[in-house]
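> Any chance you could fold what I've pasted below:
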Amino acid sequence: MAIHNDTGKAGEKAAVRFLEQKGYEILDENWTYGKSEVDIVALQSNTIIFIEVKTRSSVAFGMPQDFVSAAKQRQLELAASAYIEIMDYQGEIRFDIVAVLVTKDKQFKINHIEDAFWPYA
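Now for the predicted structure:
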């Protein structure tokens, strides 16, 4: 596996631990629908949260959250719509980003951005 894939997987695991410590219930990880994927699907206070995790080892080209493009947001919306339909969910939803920066000493700096975006209808 490429180093950037290892970094991404480590960031996702750190994000899961972080969210669990905040009291989120993790419903699914790497949930896919067609070509769309949601890194983490979580539940908090009767709200299903679709979470994109972006991990970087440097901010030379921007902060991790800067890499959640409009196209990626549309893919998340497609996957979220399918998830809601399959699970027959009728409640509130939200889209978050968990930005993970891996420091030189292999520590994780996590920035959880709640209600980060609302995909286009």
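> For the rest of this, base every contact and every neighbour count on C-alpha atoms.
OK.
> which residues does residue 51 bridge with?
residue 40, residue 96 (DSSP bridges).
> wouldn't it be in contact with residue 99 here?
No: using C-alpha atoms under 8 Å, residue 51 is not in contact with residue 99; the gap is 10.2 Å.
> Assign a three-state SS to the residue located most distally from the centre of the chain, would you?
Seen from the C-alpha centroid of the chain, the residue lying at the greatest distance (C-alpha atoms, centre = their mean) is residue 105, 23.6 Å away. In three-state terms, and counting by DSSP: H, G, I helix; E, B strand; the rest coil, residue 105 is coil.
> quick one: it from residue 56, how far?
Going from residue 105 to residue 56 by C-alpha to C-alpha, to the nearest Å gives 14 Å.
> ok, the residue most central in space within the chain - contacts?
For the chain, residue 52 is the residue whose C-alpha lies nearest the centre (C-alpha atoms, centre = their mean; 2.0 Å). Listed by C-alpha atoms under 8 Å, 6 or more residues apart in numbering, the contact partners of residue 52 are 38, 39, 40, 68, 95, 96, 97, 98.
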